[in-house]
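> Give me the fold of what follows.
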Amino acid sequence: MTIEWRYTTRRDLGVLSLAGYLGPDATDRFTGAVGWAVARGTGPVILDLTGLLGWSAGGQIAVAQAARRLAEHGRRLELAAIPADGSLVPDATCPAVPVHCDLAAALAAHGDHGTIKQWSTDDWAAPQDPGEPALT
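Predicted structure coming up:
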């Protein structure tokens, strides 16, 4: 099983939403999604894990590596809705990663930022963010 992703830019932040299982087979796809976010946004990246079914130790390492990569570009990674099967335990080389209970709380921490643009994998089937109008 792999992951599907959607990246949404908002004013001064981005939301990278994942669906599926972030295991060894999905880390390359996740790394590509992070690259997409680095190239197309500014400000912090909220990693929305609402649709994530779970993650392996390798998936957690990929998230920590994403935090380092974003920090190299002057951006911060934040997590929303960590899977119940574990939490991210970054090592000493990982920048601080704020954790929010859900996407709504993460967005509230940054104020109201409407969607600007959105990209996703072809099989993305998750609903829009809560309270967001459908994009056309």
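> how distant is stretch 24-31 from the center of its chain?
13 Å (CA atoms, centre = their mean, to the nearest Å).
> How about it, which residues are buried there?
Of the residues in stretch 24-31, 26-27, 29-30 count as buried by neighbour count, 16 or more other CB atoms under 10 Å. In short, each C-beta sits where N, CA and C put it, glycine included.
> farthest-separated two in the residues you listed?
Farthest pair in the buried residues of stretch 24-31 (CB to CB) is 27 and 29. Separation: 7.3 Å.
> which residues are in contact with the longest helix along the chain?
Across the chain, the longest stretch assigned as helix under DSSP state H is helix 57-72. The contact list for helix 57-72 (CB atoms under 8 Å, 6 or more residues apart in numbering) reads 21-24, 26-27, 30-31, 34, 37-38, 45, 47, 55, 76-77, 79, 86, 88-91, 93-95, 97.
> List the buried residues of it.
Of all the residues in helix 57-72, those buried under the rule 16+ other CB under 10 Å are 59-67, 69-70.
> Show me which of those residues is closest to residue 11.
Out of these, the member with the shortest distance to residue 11 (by CB to CB) is residue 70, at 17.8 Å.
> Need the pLDDT of that closest one.
Model confidence at residue 70, given as pLDDT, is 97.
> which ones are touching the most centrally placed residue in the chain?
Centroid-nearest residue in the chain: residue 47, 2.0 Å away (criterion: CA atoms, centre = their mean). By CB under 8 Å, 6+ apart, the contact list for residue 47 reads 16, 18, 63, 66, 77-80.
> What of residue 96?
residue 76.
> related to what we said a few turns ago, take the buried residues of helix 57-72 and write them to JSON lines, including distance to residue 103.
Shown next, in JSON lines, are the buried residues of helix 57-72 (distance: CB to CB, whole Å):
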{"residue": "59", "distance to residue 103": "19"}
{"residue": "60", "distance to residue 103": "19"}
{"residue": "61", "distance to residue 103": "23"}
{"residue": "62", "distance to residue 103": "20"}
{"residue": "63", "distance to residue 103": "16"}
{"residue": "64", "distance to residue 103": "20"}
{"residue": "65", "distance to residue 103": "22"}
{"residue": "66", "distance to residue 103": "17"}
{"residue": "67", "distance to residue 103": "18"}
{"residue": "69", "distance to residue 103": "22"}
{"residue": "70", "distance to residue 103": "18"}
